[in-house]
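1. Show me how the following folds:
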Amino acid sequence: MEQNTYRSLQELTGSDFQIVDNEPNIIGWEVKDEIGTYIGEVEELLFDPQTRAVRYLIIDLDDNGMNLEDKKVMIPLGIAHLHSNDDEVVLPGLHIDQYNALPDYDKDDIGPDTEVLIRSVIGSPAALRIEDSITEFDQNEFYNHHHFDKGRFYQRGGGR
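-> Modelled structure (predicted):
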């Protein structure tokens, strides 16, 4: 039987991971909701060193325009829209309560429990009813979910 070992995610900054030539480095870009309200700023990207795939945006919610807690949160890449014309990232459809329910980002405390919690907070109640509950964390299967579909992120370019 194969051992299911969790692979730690790494921050892009300070790693040897390179952004693909035709994809922008979005660290420092503003994050807004679908109507243009400021949410925060992309502070970091987390990637899986084995698959070389970006999994999460680290969003700094400090000084936001939505009355959100001042903290840093992990947002799955496929949730966001890239708007390269405006050098911004758009997070549509998330409610204030969801942002506030997300755990504070701590680069030294990322594991299966954190990732499952984030997925459950971000999933809509209807989606959570139809999705299977996660009984055993399988990292490879966990990322086969629309929350981690980089195509959803990069193919939505243009303006809001």
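2. What mean pLDDT does the helix or strand harbouring Glu43 get?
-> In the assignment (DSSP states H and E), Glu43 maps to strand 38-48. The average of the pLDDT scores along strand 38-48 is 95.
3. Does anything pack onto it? Which helices or strands?
-> strand 10-11, strand 30-32, strand 53-60 (3 or more C-beta pairs under 8 Å, 6 or more residues apart in numbering; DSSP states H and E). (Glycine included, C-beta is placed from N, CA and C.)
4. Let me have those in CSV, extended by mean pLDDT, mean neighbour count and distance to Ile19.
-> Compiled in CSV, the helices and strands packed on strand 38-48 are given as follows (pLDDT from 0 to 100; neighbours: other C-beta atoms under 10 Å; distance: least, C-beta to C-beta, whole Å):
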stretch, mean pLDDT, mean neighbour count, distance to Ile19
strand 10-11, 93, 17, 13
strand 30-32, 95, 21, 18
strand 53-60, 94, 22, 9
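5. what's the closest of the ones you listed to Gln18?
-> Each of the helices and strands packed on strand 38-48 has some distance to Gln18 by C-beta to C-beta; the shortest is strand 53-60, at 11.3 Å.
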